[in-house]
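Give me the fold of what follows.
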Amino acid sequence: MTLAETDRPVTASTHNTASRLAVLRLVVTGFRNYSRTALALDSRSVVLVGDNGAGKTNLLEAVSFLAPGRGLRGVRLSDISTRDMSVEDPAPAAGPWGVAATLTTPDGTIDLGTGIERGADGDKRIVKVDGAARSGSGVLGHYVRALWLTPQMDRLFAEGAGGRRRFLDRMVLGFDPGHSARVSSYERAMRERTRLLAEDTWNTSWLAALEGQMAEHGIAIAVARAHIISQLAAAIAEHTGPDAGAFPRASIALASGFADATLQTGASVDAEDAFAKRLASSRGRDAAAGRALEGPHRADMLVRHAPKNMDAQACSTGEQKALLIGLVLANARLHCASFGAPPLLLLDEVAAHLDATRRSALFNELDRLGAQAWMTGTDAALFESMGTRAQLFDVADGDITPRG
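Residues are numbered from 1 along each chain as shown. All right, here's what the predicted structure looks like:
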């Protein structure tokens, strides 16, 4: 296994790491097709070049686990480990995996580590901060913020509302580490309520308790989503600069379910009470449908191509990609305004379907943000205009070597 140690010094020509969020060293162990590999970096953007299936996206996924959540693929933790496919068992047990990094942050340098360990009770996520064990991956949100864009997201506007809700919730999570827990609590209460409604005799006291939980968490979810939509819309509207027109301005809104609409009537506590009453009155209808028909789980993020006044769903594939990149960049600018530094940007195959003008505009915008972007591609020529603003690595079958 090649151990790529660039040890490139940070000079006056590179960005000041003290004001940035950047990975300076990454060690990946037992992670997908990497038995063990390490990268020593400076704070510039990172470009990974190689054939399809070489492991480029796996490295981006490893970096994404330095932030809270289940990474850019959203998979089960046990599905990440390397597997010994030489054994006869068609599904051999996965071993532990780990991702460790030294990062520079606006508050100083920090060492983070995360991974799983196997035990009698199953896989357990572990997190360490400067060598000390911490509870839960949520603590990572105090140190690392990461945004990503993958080819699977290219159909965000063409498919159902569920993908757009997840996209929106990931944006909320970047500013509110407790959002994911509220979404999980809401969904658990909703599933239990649906199960009870399927019984011949209803336990009304337990239903009322579950509906109270749904109302409490659901209204908080709706408030957080509405807030981020408002903030993101402002960031889009205020954006100016030489490349501002390269990615079409998006008009965004939140399609309100009942839980969202009740927020217009007054305080959140009143909205919670109104939502709980609405859930109680709709038990019969929800029982017949086998699911809750109203609530924040039905919300949608609506996106329009503002210059054309056209729904994103009706735009061309290229226009949809440009809108999506524009939303991610707007979110990154919002992070800069809120936290004083940009997040890590993980952009998988981002340049493949952009013309030269848009590629240049993207790279210039990343430079203005001061973000460390991790980008992948099959052709190094796509990144030529990055020049010395990026550090380039070749990836082949899990081997990583610096170029130049």
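
and Leu21, how many neighbours?
Here the count is done by other C-beta atoms under 10 Å, and Leu21 has 25 residues near it. From N, CA and C alone the C-beta is placed, and that goes for glycine too.

top helix in the protein by residue count?
Longest helix in the chain by number of residues (criterion: DSSP state H): helix 204-238.

Report the residue spans of this structure with pLDDT below the cut-off.
Low-confidence segments of the chain (pLDDT under 70): 1-19, 82-95, 120, 257-267, 404.

Now Thr37: which helix or strand?
Per DSSP states H and E: Thr37 is located in strand 34-40.

The next helix or strand after that strand packs against which elements?
Downstream of strand 34-40, the next assigned helix or strand under DSSP H and E is strand 45-49. Applying 3 or more C-beta pairs under 8 Å, 6 or more residues apart in numbering; DSSP states H and E, one finds that strand 45-49 contacts helix 56-64, strand 373-377, strand 390-396.

if we can go back for a sec, helices or strands next to the strand holding Thr37 in the packing?
Applying 3+ C-beta pairs under 8 Å, 6+ apart, we find strand 34-40 packed against strand 4-5, strand 22-31, helix 56-64, strand 399-402.

Break down the stretch 151-300 of the chain into its strands, ranges please.
Using DSSP state E, counting those that start in this stretch, the strands of the stretch 151-300 of the chain run over residues 250-255, 300-305.

What strands flank the first one, and is each parallel or antiparallel?
For strand 250-255, the paired strands and their directions (DSSP bridges) read strand 300-305 (antiparallel).

So which of the helices and strands packed on strand 34-40 has the densest surroundings on average?
Stretch with highest mean neighbour count among those: helix 56-64 (a mean of 25; mean count of other C-beta atoms under 10 Å).

Provide the contact partners of that helix at residue level.
Applying C-beta atoms under 8 Å, 6 or more residues apart in numbering, the external contacts of helix 56-64 come out as 23, 26, 28, 31-34, 48-50, 71-73, 80, 99, 101, 146, 148, 150, 344, 346, 348, 374, 376-377, 395, 400.

Give me the nearest residue to Ile229, chain neighbours excluded.
Leu254 (4.9 Å; C-beta to C-beta, 6 or more residues apart in numbering).

buried stuff in the longest helix of the chain?
In terms of neighbour count (16 or more other C-beta atoms under 10 Å), helix 204-238 has its buried residues at 207, 210-226, 228-229, 231-232, 235-236.

what inclination does that helix have with respect to strand 250-255?
Orientation check (axes from the mean of the first three to the mean of the last three C-alpha atoms, to 10 degrees): helix 204-238 against strand 250-255 gives 160 degrees.

and helix 204-238, what does it pack onto?
Applying 3+ C-beta pairs under 8 Å, 6+ apart, one finds that helix 204-238 contacts helix 161-173, helix 179-197, strand 250-255, helix 258-261, helix 268-281, helix 317-339.

what angle do that helix and helix 268-281 make?
Angle, helix 204-238 to helix 268-281, by the same axes, to 10 degrees: 130 degrees.

what angle do helix 204-238 and helix 179-197 make?
Angle, helix 204-238 to helix 179-197, by the same axes, to 10 degrees: 140 degrees.

how far does helix 204-238 sit from the chain's center?
From the chain centre to the centre of helix 204-238 is a distance of 19 Å (C-alpha atoms, centre = their mean, to the nearest Å).

same thing with stretch 47-66?
Distance, centroid of stretch 47-66 to centroid of chain: 15 Å (C-alpha atoms, centre = their mean).
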